[in-house]
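[1] Structure of the sequence below:
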Amino acid sequence: MPYQCFQEARKVLAADREEKLVQIAEQRRRIAKWQAAPAQTQREEGSKKGRLVAMQKHLEDLKILADINDPVIRKRFEDGMGRLPPSFDLDPFYLQRLTFVRSGDMDRPIYRYLADRKWRSYDRKLLMQRIEQHHLVPDILPHLNPTASVSIGFGRRNVQPGQFVGSVISKLPLHLNIQVFDKGLRLVTIAVVDPDVPDVANDSFTSRCHYLAVNIPLSPTNRSVPLRSLNEEKHIVQSWLPPFAQKGAPYHRLAVIVLQQNGESAMDVKDLRKWQTKREGWRLKQLLTHHKELLPVGAGLFRTRWDEGTDGVMERAGLAGVNMEFLRKKGEKNVYKKKDGARYR
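    Numbering: from 1, shown residues only. This next block holds a predicted model:
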C-alpha cells in the first residue's frame with residue numbers, strides 16, 4: 001500500500017509540473033509580445049520596462065514552482081548537487097529528467113533558490129551576528145545587507161566568521177568562495193580592511209587597506225576567487241599585505257568586503273592607483289563616496305593578534321614596527337582611595 005501511495009503522489013507531482021511548464025511557455029509568449037510592442041511616449045516606455053520586469057520575475061517564480069517538489073532535485077541538492085542519487089529508479093517519470101539531472105547546477109533557478117534559502121536559514125544569521133558583535137557597521141560601512149555568501153579560506157583551512165588566524169597562515173593571500181544567488185555575470189570589487197590600527201600620535205585608531213582588487217567577474221557558477229591568481233594589471237590596485245598586530249595591542253579585525261559594480265562596465269585600474277596610493281588611513285567609505293555605483297553585497301571577517309610568528313612575517317614583508325610593544329599606562333595614584341590610618345588611632 002505505501003508503494004502505491006508513493007506512485008500516485010509522484011503522478012500528482014508530474015501533473016503539477018506539466019501545468020507549470022504550460023504556464024511558463026505562456027508567460028514567455030507574453031514577454032515576447034510586450035518586448036515587440038512599440039512605445040509611443042517616454043511614459044509608455046517606462047511603463048513597459050516596469051511591466052517587463054514584473055513579468056520576468058513571475059517567470060522566474062514559475063520556474064522554481066515547476067521543480068520545487070521534484071524529489072530528484074531535492075535529493076541532489078541535499079547530496080551537494082551535480083551527482084546522481086545512488087539508487088536511480090529508471091521509470092518513465094525519471095527517464096525524461098535524466099538529461100536535466102546530469103547537467104543540473106547553479107544555472108537553474110531552483111538550485112539557486114534552495115541554496116539561498118539554506119544560506120539564510122543559518123549562515124547569514126551567524127554572519128550578521130558577527131557583524132553586529134564586532135561593529136563592522138558603522139566602523140567600516142554605514143550599512144550592509146548581505147545578499148551573497150562569502151567563505152574565507154587560507155590554503156585548505158576554512159575560516160569561520162570572526163575566527164582568529166595565525167600570522168604565519170595569513171601571510172599568503174586568502175582564497176574566497178563567493179556564491180551569488182541571482183543569474184547573470186557581474187563585476188565585483190574586493191577590499192580587505194583593518195580598522196584597528198593604533199594611532200599613537202592621536203591616541204586613537206585608524207584603518208589600513210590590506211588588499212584592493214576590482215573588475216573581478218562573478219556568476220552563480222563562477223564563484224571561486226583565489227586572490228593570489230588574479231591578474232595584477234587588470235584587477236589589483238593594492239597587493240596583499242599580511243595582517244599583523246604589535247605585541248601588547250588588542251586584536252585586529254580584518255573585514256573582507258565584496259562590492260558589486262554597476263553593470264558590466266569595468267573600473268579604470270590605473271586611475272584608481274593614482275589616488276589609492278596610501279594604505280595607512282585608508283577608508284572604505286571614501287571609496288564609496290568617489291564611486292557611488294558600488295554596492296556592498298557580501299562580507300567576511302577574521303581576526304589577528306600578536307603571536308610568535310608575527311615578527312618574522314613583518315620582517316619578511318618589510319614592515320616597520322617589528323620591535324614595537326604597547327604597554328598599558330599606569331593610572332595616577334588616588335590619594336583619597338586609602339585613608340591615613342593614624343587618624344583613627
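
[2] C-alpha from now on. contacts and neighbour counts both.
    Will do.

[3] where are the low-confidence patches of the stretch 51-200 of the chain?
    Applying pLDDT under 70 to the stretch 51-200 of the chain flags residues 81-104.

[4] elements contacting the lengthiest helix in the chain?
    Longest helix in the chain by number of residues (criterion: DSSP state H): helix 2-36. Where contact means 3 or more CA pairs under 8 Å, 6 or more residues apart in numbering; DSSP states H and E, helix 2-36 is packed against helix 42-67.

[5] After the helix it packs on, which helix or strand is next?
    Per DSSP states H and E, helix 42-67 leads on to helix 71-78 as the next helix or strand towards the C-terminus.

[6] Would you check that K285 makes contact with P138?
    No: at 9.9 Å, K285 does not count as touching P138 under the criterion of CA atoms under 8 Å.

[7] which residues does L218 bridge with?
    Note on L218: beta-bridge partners by DSSP bridges are R186.

[8] Now for it: which residues touch it?
    Counting by CA atoms under 8 Å, 6 or more residues apart in numbering, L218 makes contact with 178, 180, 185-188.

[9] In a markdown table, list the residues you listed along with neighbour count and distance to R279.
    Compiled in a markdown table, the contacts of L218 are given as follows (neighbours: other CA atoms under 10 Å; distance: CA to CA, whole Å):
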| residue | neighbour count | distance to R279 |
| --- | --- | --- |
| I178 | 22 | 25 |
| V180 | 25 | 29 |
| L185 | 15 | 30 |
| R186 | 19 | 27 |
| L187 | 19 | 23 |
| V188 | 24 | 21 |
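
[10] Name the nearest of those residues relative to R228.
    I178 (15.5 Å; CA to CA).

[11] Just the strands from this protein, written as ranges.
    Listed in chain order, the strands of the chain (DSSP state E) span 149-154, 157-159, 163-164, 175-179, 186-199, 204-218, 224-226, 236-238, 252-260, 295-304.

[12] so which of the ones you listed gets nearest G318?
    Relative to G318, the nearest member of the strands of the chain by CA to CA is strand 204-218, separated by 14.2 Å.

[13] I'd like to check the angle between the closest one and strand 175-179, please.
    Strand 204-218 and strand 175-179 are oriented at 60 degrees to each other (axes from the mean of the first three to the mean of the last three CA atoms, to 10 degrees).
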